[in-house]
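Colleague: can you look at this prediction? I've put the sequence above it.
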Amino acid sequence: KKNHTSVLMYPEASYSFDGKATKLPRNLGVLFKRLGVPVVMVTTYGSFTRDPLYNNLQKRKVDVSAEMRCLLTPQECKALKVSEIDDILDKAFSFDYFKWQQDNNIIINEDFRADGLNRILYKCPCCKEEGQTEGKGTKLICHACGKEYELDEKGFIHAVNGETEFDHIPDWNSWQRDELRKEIENGTYNIDLDVEVGMLVDYKAIYMVGSGRLTHNENGFTLTACDGKLHYEQSPTYAYSTYSDFFWYEIGDIICIGDKNYIYYCFPKEKDVVSKIRMAAEEMYKLKK
């Protein structure tokens, strides 16, 4: 109809690292109730399996499809409570694309399918060391204890030698989150990184401004760069998550923080910390709130 406009939203505001849904903000139910318009969801199938974020932008031979459905009518938005709308959204945004691959017998036979898998699976469940895993070819190896895992054509992961602690990648990642939560609760979580810093100030470009130091602990983020001329602090309750990415524009992994004035793109010089930092931001937000 005339005078009706549509708004395209990506409410997760972040990519899925392990094929499962990322956290949704709690204000969506309030927004949809106030707008009183149809809420239509478009879900893609196969896009994660074709190009998982960890895999260095290497494409697999997987078909991609999309499904469009109406989640809420204007009448339902008006009649339902905000909590009920949020429950509908949470259910709609619940997925597991490794399980989808397995349930649909999608075969990934590319010999690079485990490249970069260490970005997600950074902690060895055998020896508990962090930052020592390496995904290359079809295998993930821990250089601390020598344990090897094979990522098979259906997306299951199996130990080559010894016990298979987790054969489902999201389960391994959930265990890492549990381990991380213990660090936060007992006060031992602390990240201190050398980073290269880019700034978004005018929506025209990312301006690389120099080297700096990024710390993340129970007090939140602190970024110091440009010989002390740049200093930014962000509390743990500022945001329910933090934007992060792997191999961002083929430059490197990033942690993104900032406010309405400036956004800081931090490129860690240390490997395999991005996933842990994002999960830590989410867990600290929940604990502080």
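Modeller: Yes, it's here.

Colleague: which other residues reach the lengthiest strand in the chain?
Modeller: Looking across the chain with DSSP state E, the single longest strand is strand 206-217. Strand 206-217 is contacted from outside by 189-201, 221-227, 230, 255, 265-266, 268, 277, 280-281, using Cβ atoms under 8 Å, 6 or more residues apart in numbering. (Glycine included, C-beta is placed from N, CA and C.)

Colleague: derive a ChimeraX selection command for the buried subset of those.
Modeller: Here is the ChimeraX selection string for the buried members of those, based on 16 or more other Cβ atoms under 10 Å:
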select :189,191,193,195,196,197,198,199,221,222,223,224,225,230,255,265,266,268,277,280,281
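
Colleague: of the contacts of strand 206-217, which belong to helices?
Modeller: Ile277, Ala280, Ala281 (DSSP state H).

Colleague: ok so Ile85 is a helix residue?
Modeller: Yes - per DSSP: H, G, I helix; E, B strand; the rest coil, Ile85 lies within a helix segment.

Colleague: ok, it touching Phe32?
Modeller: Yes - shown here, Ile85 and Phe32 form a contact pair, counting by Cβ atoms under 8 Å, at 5.7 Å.

Colleague: shared neighbours, those two?
Modeller: Leu72, Cys77.

Colleague: next up, the contacts around Ser14.
Modeller: Thr22, Lys23, Ser241, Tyr243, Ser244, Arg278.

Colleague: from the residues you listed, pick the one nearest Asp111.
Modeller: Top of the list for closeness to Asp111, among those and by Cβ to Cβ, is Ser244 at 27.7 Å.

Colleague: the host helix or strand of the closest one pairs with which strands, and in what direction?
Modeller: Assigned by DSSP states H and E, Ser244 falls within strand 243-248. Using DSSP bridges, the strands paired with strand 243-248 are strand 252-258 (antiparallel).

Colleague: looking at the partner strand now, give me its mean pLDDT.
Modeller: Per-region confidence: strand 252-258 scores 96 on mean pLDDT.

Colleague: which residue ranges of the stretch 1-150 of the chain form strands?
Modeller: Using DSSP state E, counting those that start in this stretch, the strands found in the stretch 1-150 of the chain span residues 39-45, 65-72, 133-136, 139-142, 148-151.

Colleague: save those as CSV, and put in mean neighbour count and mean pLDDT too.
Modeller: Output for the strands of the stretch 1-150 of the chain, formatted as CSV (neighbours: other Cβ atoms under 10 Å; pLDDT from 0 to 100):
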stretch, mean neighbour count, mean pLDDT
strand 39-45, 14, 92
strand 65-72, 12, 94
strand 133-136, 19, 98
strand 139-142, 21, 98
strand 148-151, 20, 98
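
Colleague: with distance to Pro236 added, can I get those in a markdown table?
Modeller: Shown next, in a markdown table, are the strands of the stretch 1-150 of the chain (distance: least, Cβ to Cβ, whole Å):
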| stretch | distance to Pro236 |
| --- | --- |
| strand 39-45 | 31 |
| strand 65-72 | 31 |
| strand 133-136 | 27 |
| strand 139-142 | 31 |
| strand 148-151 | 33 |
